[in-house]
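Visitor: pasting the structure only:
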C-alpha cells in the first residue's frame, strides 16, 4: 500500500518465513534445528508450528535482522538480496533462509501511542 492510503496512517510490512535449510557444505548441525523447521513473522508476532521447538540462540541472532527484512528496501541493498543467515554457533552448520512471503497492512494509531501529528510537529522543531 502506498503512503497515500484510504486511512492516511497505513503502512505495510512484509510477512516472513524463517526456515532451516540444507547446508551445501554438509557441515553437521549441532543445535536442535532440523532442516525444514521454521517460524513465521507477521507484524510484531512470531508464530511457531504447534509442537515444533526452535532453539533460543539462533532466534536471538536472527531477531535484529527481522524488522529490517520486514521493510521495503532498495533492490541493491544487501537486506533485499541476502536471504541466508548462518547459525551463530561457529561449530554448527545450520543455515536459515529468510523469505518474504506476503505483506500485511497496519495502521499507525493501532501500533503506537505517538500520534502522527505529534511526530510531525517534533520533526519541524528540529
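Guide: Done, it's in. Note that the structure is a prediction, hence the values are computed from the model and not measured.
Visitor: and the residue lying closest to residue 54 once chain neighbours are set aside, what does it touch?
Guide: In this structure, residue 54 finds its nearest non-sequential neighbour in residue 39, 5.6 Å apart by C-beta to C-beta, 6 or more residues apart in numbering. In this view, the C-beta of every residue, glycine as well, is placed from N, C-alpha and C. Residue 39 sits next to 17, 18, 46, 47, 48, 49, 54, 59 when contact means C-beta atoms under 8 Å, 6 or more residues apart in numbering.
Visitor: which residues touch the last one?
Guide: Residues in contact with residue 59, defined by C-beta under 8 Å, 6+ apart, are residue 39.
Visitor: name the SS class of it, please.
Guide: helix (DSSP: H, G, I helix; E, B strand; the rest coil).
Visitor: quick one: it and residue 73, what's the gap?
Guide: Relative to residue 73, residue 59 is positioned 22 Å away (C-beta to C-beta, to the nearest Å).
Visitor: go on, the first one?
Guide: Residue 17 sits at a distance of 17 Å from residue 73 (criterion: C-beta to C-beta).
Visitor: let me know the pLDDT of the most centrally placed residue in the chain.
Guide: Centroid-nearest residue in the chain: residue 66, 2.6 Å away (criterion: C-alpha atoms, centre = their mean). Note on residue 66: pLDDT of 96.
Visitor: give me the neighbour count for the nearest residue to it once chain neighbours are set aside.
Guide: Setting aside the residues directly before and after it, residue 66 is nearest to residue 41 in space (C-beta to C-beta, 6+ apart), at 5.5 Å. Residue 41: 23 surrounding residues under other C-beta atoms under 10 Å.
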